[in-house]
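S.K.: Sequence and predicted structure, then a few things I'm wondering about:
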Amino acid sequence: MSEQEQRLIHGQWSSRMAFILAASGSAIGLGNIWKFPYLVGENGGGAFVLIYMLCVVMLGVPIMMAETLLGRKGRRSPVNTLLNLARQAGAGRLWGQVGWLGVVAGFLILSYYSVIAGWSLAYIFKMSSGFMNQVDAEKARTAFLALQGSPELQFIWHSLFMIATVSIVSRGVNRGLEAATRYLMPLLFIMILALDLFALGSEGAGQGLSFLFKPDFSRLSGESLMIALGQAFFSLGLGMGAIMMYGSYLPDGVSITRASLIVAGADTLIALLAGVAIFPIVFTHHLAPGMGPGLIFETLPIAFGKMPAGHLFGTIFFVLVFFAAITSAIALIEPTVAWLYENRGMSRESASLWSGLACWLVGLGTIQSFSDPLHWRIGDKSLFEWLDFVTAELMLPIGGILIAVFAGWVLSAETTAGELALGSRYRLWRFAIRYLAPLGVGLILLRGVGGM
Ligand code: TRP
């Protein structure tokens, strides 16, 4: 093999790795560790998990492939990618607006994501100070409620998280962060496995596992289907152009299908393993699975409190959660930052600063809605619940439909077939992206909104 060939092969491998790392960094985050378990708890367990997995496989993976493909084809930031590709295909300029939807969705998600990431920062200190040693369910609950009830504390942690995000994003693509994904994510995986082993040895293991894996459709609420769908988009990081952006750095010749399957598989595995760690503890201590967003913060400290060197492991765990959160936060804010510096002529630094500041401000509302839930309500939802609902359950799925329609109907079959190089299985993807994804996501949305 000539030196040049060797370099070529090496280059391709490292680029595929870089894409997989960046995309997994964006996918694996609070969505897997914090959100998935509490949504499973609120939506009755196994049946929800099953529907979630169906959404990932049948709708999420084809759309992820489409989003990556569009990015690689367009080689620009999402708004310009869609504009250019639409022009080439002779379609309208309106497609550029889809990129806009993504900018706004990412911005709104980050505004509350940062508050929750702030909770995990707070827990790094709660764990390392030994404050949580030997806690029982009662004490763990009191500690969490004290944090949730304090606007001042949440203000500090939310601000710190936003500062960390802005300082990383303002430096552009960061090597240190790539290393963080490469080494810290496997470590997070190992920590979750250790928690799983602990949980499986507890009294409530059987009950926890059957709650998680035994589908009981009578426990599903009317809205569950829509929540499962929204969570699939949220957890995979789809529907807002983040993956499109990463796809634009992907060299030709790398298999988009394989990369998508690896990312979606890892993301789903981590979410399920987080569930396995949490529900046995819930049942051992007779807690309520449907307690909501505090679930991991009220359960995991109990497990750490009982382990040898638990405060050390607990500290490491929340540090890893913080890193998982920050690699996702970067993906969430990137479209806003890119738009500001591409279209508004700002420097990368001030673009990051201004978007971070705006996110931070909106986040203050989320903090209020946690600490003073009675006053910060509109109709039947708190401000946090509204933000979550509008972004995860409406904007991301709608973004997903539009991406599917664009890839399936606006782009020609020759274009997409050439990009995917799937051989005979291409027809399967084409069917999924033309019919299954738009109709499936559309019907779930209509049903969810209609029955709201
Ligand atoms: N997927 C991340 C998580 O599970 C959050 C996230 C990152 C995201 N990028 C996104 C959600 C894009 C929606 C869209 O924590």
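M.R.: Arrived safely, thanks for sending.
S.K.: check contacts around the residue of the stretch 151-300 of the chain found nearest the ligand.
M.R.: Per Cβ to the nearest ligand atom, residue 237 is where the stretch 151-300 of the chain lies closest to the ligand, at 3.4 Å. To be clear about C-beta, it is placed using only N, CA and C from the backbone, and glycine gets the same treatment. Taking Cβ atoms under 8 Å, 6 or more residues apart in numbering, we find residue 237 in contact with 23, 26-27, 31, 243, 328, 331.
S.K.: Which single one of those is nearest to residue 104?
M.R.: residue 331 (15.0 Å; Cβ to Cβ).
S.K.: Write out the residues of the stretch 151-300 of the chain neighbouring the ligand.
M.R.: Within the stretch 151-300 of the chain, the residues that sit near the ligand (Cβ under 6 Å from any ligand atom) are 234-235, 237, 240, 242.
S.K.: For the closest residue to residue 297 other than its chain neighbours, give me its contacts.
M.R.: Of all residues not flanking residue 297 in the chain, residue 144 sits nearest, at 4.7 Å (Cβ to Cβ, 6 or more residues apart in numbering). Residue 144 sits next to 294, 297-298 when contact means Cβ under 8 Å, 6+ apart.
S.K.: Show me where the stretch 1-150 of the chain has its helices.
M.R.: Along the stretch 1-150 of the chain, counting by DSSP state H, counting those that start in this stretch, helices occupy 3-27, 30, 36-42, 46-54, 61-74, 78-88, 96-128, 137-148.
S.K.: just to revisit the earlier point, in helices, which of the contacts of residue 144 appear?
M.R.: With DSSP state H as the criterion, helices contain 297-298 from among those.
S.K.: how about the contacts of residue 144 in a markdown table, adding pLDDT, neighbour count and distance to residue 66?
M.R.: Converted to a markdown table, the contacts of residue 144 look like this (pLDDT from 0 to 100; neighbours: other Cβ atoms under 10 Å; distance: Cβ to Cβ, whole Å):
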| residue | pLDDT | neighbour count | distance to residue 66 |
| --- | --- | --- | --- |
| 294 | 94 | 18 | 36 |
| 297 | 95 | 24 | 36 |
| 298 | 93 | 24 | 39 |
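S.K.: Tell me which of the helices of the stretch 1-150 of the chain is the most buried.
M.R.: For the helices of the stretch 1-150 of the chain, the largest average neighbour count (mean count of other Cβ atoms under 10 Å) is found in helix 61-74, namely a mean of 26.
S.K.: Check which helices and strands that helix is in contact with.
M.R.: On a contact count with 3 or more Cβ pairs under 8 Å, 6 or more residues apart in numbering; DSSP states H and E, helix 61-74 meets helix 78-88, helix 242-247, helix 256-284, helix 396-405, helix 413-420, helix 437-450.
S.K.: before we move on, back to that, which of the residues of the stretch 151-300 of the chain next to the ligand ranks first by neighbour count?
M.R.: Using other Cβ atoms under 10 Å as the neighbour criterion, residue 240 leads those with 32 neighbours.
S.K.: ok, the contacts of residue 237 vs residue 101, which is closest?
M.R.: For those, the nearest to residue 101 is residue 243 (14.5 Å; Cβ to Cβ).
S.K.: hmm, back to that, so which of the residues of the stretch 151-300 of the chain next to the ligand are in strands?
M.R.: Using DSSP state E, no member of those falls within strands.
S.K.: any chance of those in a markdown table, plus distance to residue 311 and pLDDT?
M.R.: Output for those, formatted as a markdown table (distance: Cβ to Cβ, whole Å; pLDDT from 0 to 100):
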| residue | distance to residue 311 | pLDDT |
| --- | --- | --- |
| 234 | 31 | 98 |
| 235 | 29 | 98 |
| 237 | 32 | 96 |
| 240 | 38 | 92 |
| 242 | 35 | 89 |
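S.K.: This completes my enquiry, with thanks.
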